[in-house]
Every structure is written in structure tokens, then in C-alpha cells.
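Colleague: return atomic coordinates for the entry below.
(6 chains)
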6 protein chains.
Amino acid sequence: MATVHLLSDEEASAEALAVFADIRATRGTEHVNNFWRALAHDPALLRATWERLKAVMRPGALDPLTKEMVYLAVSVANGCEYCIHSHTAAARAKGMSETQLGELLAVIAMASQTNALATALQVPVDEAFAAEKSG
Amino acid sequence: MATVHLLSDEEASAEALAVFADIRATRGTEHVNNFWRALAHDPALLRATWERLKAVMRPGALDPLTKEMVYLAVSVANGCEYCIHSHTAAARAKGMSETQLGELLAVIAMASQTNALATALQVPVDEAFAAEKSG
Amino acid sequence: MATVHLLSDEEASAEALAVFADIRATRGTEHVNNFWRALAHDPALLRATWERLKAVMRPGALDPLTKEMVYLAVSVANGCEYCIHSHTAAARAKGMSETQLGELLAVIAMASQTNALATALQVPVDEAFAAEKSG
Amino acid sequence: MATVHLLSDEEASAEALAVFADIRATRGTEHVNNFWRALAHDPALLRATWERLKAVMRPGALDPLTKEMVYLAVSVANGCEYCIHSHTAAARAKGMSETQLGELLAVIAMASQTNALATALQVPVDEAFAAEKSG
Amino acid sequence: MATVHLLSDEEASAEALAVFADIRATRGTEHVNNFWRALAHDPALLRATWERLKAVMRPGALDPLTKEMVYLAVSVANGCEYCIHSHTAAARAKGMSETQLGELLAVIAMASQTNALATALQVPVDEAFAAEKSG
Amino acid sequence: MATVHLLSDEEASAEALAVFADIRATRGTEHVNNFWRALAHDPALLRATWERLKAVMRPGALDPLTKEMVYLAVSVANGCEYCIHSHTAAARAKGMSETQLGELLAVIAMASQTNALATALQVPVDEAFAAEKSG
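Modeller: You can find the predicted model right below:
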């Protein structure tokens, strides 16, 4: 159960419905997922979150699938159940194969373990990694 | 400071030196970074970590730069200072442009905020995201 | 399901029941929530946790609602499902409006994204933030 | 050291300088802190982050000091060193007393421990906490 | 629901079944738990994870129950629901008493709160803790 | 730098000095480490934290070294730099060998990776792990 009621189209305000309409148009689907229906209690927060998401996930120097896999990796590290489900589904919809998912999981697992080891040992950063050297 | 002494080549055991040699050969550099020098106190852990890293980061269904950026994203979410520095440097060495870094940061920041919102609202997972539906 | 059985009043020890009685008296309700029923297997841990909670959440230099919202914010960042539900309910019971909840969520989301960015960039702390300057 | 060079006013682009100018005007200080100088490599990300921060931290149903303390609490839970320093300083600048800081720390510590206990015990959410009941 | 279908023995590949057979032989039970059935989509990842787990959890300088309790403590701190259940069950199977569980929980809760306090206060590390002093 | 000034014995209040005296007596050393000197600004928080720590870390159904290693494991997972240093030193002082440290690190790394995998795959908990079965 959510900590707020999920708003149906009938219950949402005009301002929230305008955002829902843009979500539907942008994604080419009638389905507005629960995340937006929960945020709809605060139309300003709904709009700011959606507008920023749309801008960030646009194709750019990184392709949409790469962005989606990075999004999923962060969601796993942060332990967000909802986000893991929604971004696994989104990555598949953008063409992620099951082999790619397997490799993605392997990288996430690898990073998680070396993150823990480097933190546990408090390894000092090598001088060779300095940003100024790469500029 | 690390919680263990970083082992120089002179101090490392024969078993650890064999791993250092493989790191040097695989990466084409004399530099063995501090992470491995800290792990060298436990040659079995050193070897297992390095062998797995080598296997996971090999080109596959995902290209090496994509894997490196995912690795960096997880390291940021886990707050591993050492790993953030080493994998930012590694991603640049594999060709990540500053524009790509900017987009990567934007996705990480976006995921972090929607992770927090979905968790705060305890949004229930949409039926539409079920894996069985995706084939 | 919990990893321990939740103890009913009939099953709890005399020592645990004494804590339950203080929870009921302090909160003015018969309901002893599941958290305490799970902790009741270890009456000493139950008592120490409850006594400290009672002392910490007392009105002081910060009012009870502010404390409750801070508690909720930490619970979100730590991803504690149970705590998010219980402290959202508690904040509402102490007068948090839905508008205040919306603003609280916006601050949590904002902090989450700038936390990620500052960590990703490993921004060095400004000299101007030094505590000695503010003392 | 940061993973990017911190841009001085001389090095920043016109677009970044425009954001710096708004930061200075809004805060009434010449000091532009390191976080913004690191973000300035990506003026679009700089602008989006600053604009959103300005909107979120404005006085509203929650006062600015409460927002600042929530921001600090989230930063602590996320372990962001830079953010802890900057938002402790900001909270003090907005009037947080050392007594209030002590109470804030006590709440953060309390939440951290009950978060861990509720998660460890996987306590099921009480029916009494359901949002629909409070609507 | 999982983000992948859990593979039954009938659905698993020959390579995955070989790992299942080793899990069954090593643990002396017919039950192959869901974690391995989810990983079985990627037999290489399944094998690498299982082989490493078997090596790490072997009796050594630390006894199996101590290792299991450390595993559980990390799983709690990382908020992994599945792992908390599986490693609580495993620790009990290896002889953890309910009194030991209570003490384990008390240590986890204590660490969580002092972790938060030390991070919030950004306490500098004492010179006395330097590793070189203990070598 | 800390976000508060570390109080010397000369600067600490009588109430804080009483806690310092108990720390010195309990540990048999003159050294009062920085954590307590930072907390000393709030003598009530200082006392509550110290008293609880003393009670929790006492020998019981778990021996002091096991408790210390669990404390360290949680501190690693939470990324607390100060705590990692202080509890690594404490574990060594209580007899942890470098071989034991290596095994502890291996378990922490293993848990971190399977935590990530189980979370990424959202593996449902096996019925066999139910607490009621073990009661």
C-alpha cells in the first residue's frame, strides 16, 4: 500500500491531468503508471519531476538504453523496489536483451563488492586518478 | 590512510606478485593501483577479486565503456570515494567525453530523486511491469 | 512476514508487558504496534529502544512535528518500509498537512539528487563552511 | 580532489556565469561555493539543479530552517560529506542553535537504529497505518 | 514478483542444473532456493556466484556461524529483504540462539546509530587508530 | 574537519567530563577518542550513547570480538569512515588476526554482491525461510 491514495483520472486535478496527458503523448500509451498517480497530490512536484525526467532521458551523447540501464543500476544500489521493476521493464521495452541484463547484473554485483572492499580498507586514492591529469 | 599497509612489490608475496603481473599485462601499464596493494595482504581474496573483475568487464553484449559507466553509477550510489575516482578515470581512459559524463551525472541525479520519491510514497508496483508479460 | 513471531499480550513476558503498558499510557491508545511486538522477544532491547525513543521525541528545542518529519526523512533515505509507514502516520497524527508532506517530499528528493551529484563529483568542502568560523 | 576541475569565474561559460549571478543575488553573497563550480562544466545541469533548489527551499508550508534540517538529515543518511558540511553551515546561518543541532542529531541517531531494527526483523506494516484511514 | 521468471528444474539449462546439483550435494537438501532459480537465466553468473559463496563461507579462521551473522548484519545494513530472510534462517540452522539474535540486533542497532552520529559530525579519525601502529 | 569543535578536557562541561572518566575507567586508557569529544557538546546525548554502547558491547551470548566484527561490518556497509577506522582498531585490540580480517572482508564483499543481485532480481522469499517453521 502507498502512503497516499493513488489518484485516478477522475480524482486528479486539471493541472495533474495536463501532466498525465503529456506522459501519454510522450510515451504513446494510455497507461499512466502508479508513480505519477501518487505524485499527483502535489501537481507542482508532479510537473517538475516529469519535466526533468523527460529532459534527462532524451537521446543525447548517451543513447536511451544506456541511460535506462544506468537508471536501473542506481535504483538497485538504492534498493528502490518500485524503480527496479519500472526501469527493468523500461529497459526491456527499449531493447535490452536477457544477455545484456545478465551482464548488467554482473557489473552491478562486481561494483557492489569492490565498493565494499575499498571502503572497508579505506584505500587512499591514487595520484594517477587526478582529474587535472586527464584535462 | 588505509586500515592496512599498502604493499609494495618488494613486500608482496609471490602469489600476490603473480596477480600484479597479470594486472600489468592485462592493462598494459606498470601501475598497480592502491586497491590491489591493499588487497595483497590476502592473496586468495586478491586473486578471486581480480579474476572476477577481469571476466565481468570483458567486452560482451555490453561494450566496455557502458560497463564502466554503470560501475561508476553504482559506486556513486554506494558512496565509495576510491571507486568513484578510479572508475571516473577508467571511463575517461575508455573514451567517455565530458558531455557523456554530464549526461551520466544527470541520470544518476534523476534516479536518486525518483528512487527517494517512490520509496517515500511506497508506490505499489504496476501489474504492467510483471516479468511474465515481457516474454 | 517477520523473521520472528509477533508476540501478543498473552505471549509477552511480564517485563515486555510493562513496556507495552508504558507505550499505551504515553500514547493514549490501546494499540501496541508490530515493531514493539517483534522486539518483545528481547525485553532488554525492547525497553532500551522504547525509553530512548520516548526521551528523544519529547518536545524540546525542536517541536514534535519537526522531529517526526526528520525521522521520516531519515527512514526514506534508509529505505525502511515499516518506518516510512509508521512515521508518515505519526506525522499526520501530529498535524502534518498534505501540503507539508508535499514540501517534505520535495526537500527529500532535492537532497537525494544533490547528494548524488556532490558525491559523484567528489567536491571538496569549502573553507567557508568550517565550524570554527561559526562558533 | 574533485573528479573535475572547479571552474573559476574566468573559466566558466557565459551560461554558467548567469547562474552564478543568480546564486549571488539570491543569497546576497559574493561566494559561489564549490558544488556549483564543479557543476559548471555542464551549464544545463547547473541551471536545472539551481533553479529546482531555489524553488524547493523557498518558504512555504514548511519554514526554511525546517527544510534545511531535513536536508541535512537526508545528507547524513546518504553519507554525503560535502552536503553535511554545506547544510550544517546553512542551517546555522538560518538560525539553528547548538541545542537544536543536538536534538536533530539525536533524532537522526534514533531513526537510524529503529530503521535497522525494523528492517532486520522485517516487521509487517500495521493495518492501522493505512493512508486511506487518514484521508 | 521477481523481475525474471524463476526457473524450475525442468526449465533450467544443463549448465544451471549442474550448479543446482552441487548446491544440493553441498547443503544436503533437495531444496534449491529462489535466489539460485532467478540467477539460473545466466548460468555463468550463477556458477561464479555459487562457487565464490561456497569458498567464502567455508570454515576458516572464522567459524561458519560467525560468518553467517556477519552476512546477516551486512544484509540488514543494505536493506536486502530476501537476504535478511535467507541468512536469518541459515544462521538459525547453524545454531544461532534467539538470545544471540537479540545481541546481534543490538549491535547492529548500536552501529547504525553511531555510524549516523560520526558521519553527521564528520569526526576526524584519531591518529591512534593508524594501521601502521598495529602492524 | 568536524562540523563541531572537538572539546578538550579543559573545555568540556562537568557532565561531559564524568562520562569521559567512565570511558577512561572502562577502557583502561587515558585516550578519549574524537567521537566522544565531538558528542560532548550535548552531554545528554553523549551519556546516552556511551551508556548504551557499554551495555551492548559487554560479553554475553556473543563474545566481544564477534560483536566488534559485526560492528565493523555494519560500519562498512554504511560507509562510515570514522567508524571503520575505530572498529578495525578495536577488533585488532581484541585479538582479530589479519587472517580473520581477510575472511571478514571476504564475507562482507560476498554479502554486498548477493544483496545487490537479490535486490536487482526482486527474488521472492522462499516459504521455507518462514520464522514460524523454526520456532
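
Colleague: can we go C-alpha only for contacts and neighbour counts from here?
Modeller: Will do.

Colleague: pull the longest helix from chain A.
Modeller: Looking only at chain A and at elements set by DSSP state H, the helix with the highest residue count is helix A:98-121.

Colleague: hmm, that helix in reach of chain D?
Modeller: No: contact of helix A:98-121 with chain D is not found when judged by C-alpha under 8 Å from any C-alpha of the partner chain; the minimum separation is 12.5 Å.

Colleague: quick one: buried residues of that helix?
Modeller: If you call a residue buried by 16 or more other C-alpha atoms under 10 Å in any protein chain shown, then helix A:98-121 has these buried ones: A:100-121.

Colleague: and it, C-alpha only, in PDB?
Modeller: What follows is helix A:98-121 as a C-alpha-only set of coordinates in PDB (Å, rounded to 0.1, in the frame of the first residue of the first chain):
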ATOM      1  CA  GLU A  98      18.300 -11.000 -21.400                       C
ATOM      2  CA  THR A  99      22.000 -11.400 -22.100                       C
ATOM      3  CA  GLN A 100      22.600  -7.700 -21.600                       C
ATOM      4  CA  LEU A 101      20.600  -7.900 -18.400                       C
ATOM      5  CA  GLY A 102      22.900 -10.700 -17.200                       C
ATOM      6  CA  GLU A 103      26.000  -8.600 -17.900                       C
ATOM      7  CA  LEU A 104      24.400  -5.600 -16.300                       C
ATOM      8  CA  LEU A 105      23.700  -7.600 -13.200                       C
ATOM      9  CA  ALA A 106      27.300  -8.900 -13.200                       C
ATOM     10  CA  VAL A 107      28.700  -5.400 -13.300                       C
ATOM     11  CA  ILE A 108      26.400  -4.200 -10.500                       C
ATOM     12  CA  ALA A 109      27.400  -7.200  -8.300                       C
ATOM     13  CA  MET A 110      31.100  -6.600  -9.100                       C
ATOM     14  CA  ALA A 111      30.900  -2.900  -8.200                       C
ATOM     15  CA  SER A 112      29.000  -3.700  -5.000                       C
ATOM     16  CA  GLN A 113      31.700  -6.000  -3.800                       C
ATOM     17  CA  THR A 114      34.700  -3.800  -4.700                       C
ATOM     18  CA  ASN A 115      32.900  -0.800  -3.300                       C
ATOM     19  CA  ALA A 116      32.600  -2.700   0.000                       C
ATOM     20  CA  LEU A 117      36.300  -3.700  -0.100                       C
ATOM     21  CA  ALA A 118      37.700  -0.300  -0.900                       C
ATOM     22  CA  THR A 119      35.500   1.300   1.800                       C
ATOM     23  CA  ALA A 120      36.400  -1.400   4.300                       C
ATOM     24  CA  LEU A 121      40.100  -0.900   3.700                       C
END
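
Colleague: now do that helix against helix F:98-121, angle only.
Modeller: 140 degrees (axes from the mean of the first three to the mean of the last three C-alpha atoms, to 10 degrees).

Colleague: for the residue most central in space within chain A, helix, strand, or coil?
Modeller: Most central in chain A under C-alpha atoms, centre = their mean is residue A:71, positioned 3.9 Å from the mean C-alpha point. State at residue A:71, reduced to three classes by DSSP: H, G, I helix; E, B strand; the rest coil: helix.

Colleague: ok, and the closest non-adjacent residue to it?
Modeller: With C-alpha to C-alpha, 6 or more residues apart in numbering or on different chains as the measure, residue B:111 is the residue that lies nearest to residue A:71, at 5.6 Å, once sequence neighbours are left out.

Colleague: can you check the pLDDT for that neighbour?
Modeller: Looking at residue B:111, its pLDDT is 98.

Colleague: near chain D, which residues of chain A are found?
Modeller: By the criterion of C-alpha under 8 Å from any C-alpha, the positions of chain A lying close to chain D are A:1-5, A:130-132.

Colleague: what's the helix or strand hosting residue A:52 in contact with?
Modeller: According to DSSP states H and E, residue A:52 maps onto helix A:43-57. Contacts of helix A:43-57 with the rest of the structure, by C-alpha atoms under 8 Å, 6 or more residues apart in numbering or on different chains, involve A:13, A:15-16, A:19, A:23, A:36, A:39-40, A:64, A:67-68, B:103, B:106-107, B:110, B:114, C:102, C:106.

Colleague: and it, how far out from the chain's middle?
Modeller: 12 Å (C-alpha atoms, centre = their mean, to the nearest Å).

Colleague: same thing with stretch A:117-126?
Modeller: 28 Å.

Colleague: next: stretch A:73-84.
Modeller: For stretch A:73-84, the distance from its own C-alpha centre to the chain's C-alpha centre is 8 Å (C-alpha atoms, centre = their mean).

Colleague: what's in contact with that stretch?
Modeller: Defining contact as C-alpha under 8 Å, 6+ apart, one finds that stretch A:73-84 is touched by A:72, A:104, A:108, A:112, B:70, B:73-74, B:77-78, B:108, B:111-112, B:114-116, B:118-119, B:122-125, C:79, E:78-80, F:116, F:119-120, F:122.

Colleague: about what we covered before: need the residues of chain A next to chain D in JSON lines with neighbour count, secondary structure and pLDDT, can you?
Modeller: Formatted as JSON lines, the residues of chain A next to chain D follow (neighbours: other C-alpha atoms under 10 Å in any protein chain shown; DSSP: H, G, I helix; E, B strand; the rest coil; pLDDT from 0 to 100):
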{"residue": "A:1", "neighbour count": "17", "secondary structure": "coil", "pLDDT": "85"}
{"residue": "A:2", "neighbour count": "20", "secondary structure": "coil", "pLDDT": "96"}
{"residue": "A:3", "neighbour count": "22", "secondary structure": "coil", "pLDDT": "97"}
{"residue": "A:4", "neighbour count": "22", "secondary structure": "coil", "pLDDT": "97"}
{"residue": "A:5", "neighbour count": "18", "secondary structure": "coil", "pLDDT": "96"}
{"residue": "A:130", "neighbour count": "19", "secondary structure": "coil", "pLDDT": "84"}
{"residue": "A:131", "neighbour count": "17", "secondary structure": "helix", "pLDDT": "72"}
{"residue": "A:132", "neighbour count": "12", "secondary structure": "helix", "pLDDT": "59"}
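
Colleague: from the residues you listed, which two are the most distant?
Modeller: Across the residues of chain A next to chain D, no pair lies farther apart than A:5 and A:132, at 50.3 Å, counting by C-alpha to C-alpha.

Colleague: circling back to that earlier point, okay, the helix holding residue A:52 in CSV with CA atoms only?
Modeller: Extracted as CSV, the C-alpha positions of helix A:43-57 are listed here (Å, rounded to 0.1, in the frame of the first residue of the first chain):
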residue,chain,number,x,y,z
PRO,A,43,0.8,18.9,-9.1
ALA,A,44,3.9,21.2,-8.9
LEU,A,45,6.1,18.3,-7.7
LEU,A,46,4.5,16.1,-10.3
ARG,A,47,5.2,18.5,-13.1
ALA,A,48,8.8,19.3,-12.0
THR,A,49,9.6,15.6,-11.7
TRP,A,50,8.1,14.7,-15.1
GLU,A,51,9.6,17.6,-17.0
ARG,A,52,13.1,16.9,-15.6
LEU,A,53,12.8,13.2,-16.3
LYS,A,54,11.7,13.9,-19.9
ALA,A,55,14.7,16.2,-20.4
VAL,A,56,17.3,13.9,-18.8
MET,A,57,16.2,10.7,-20.6
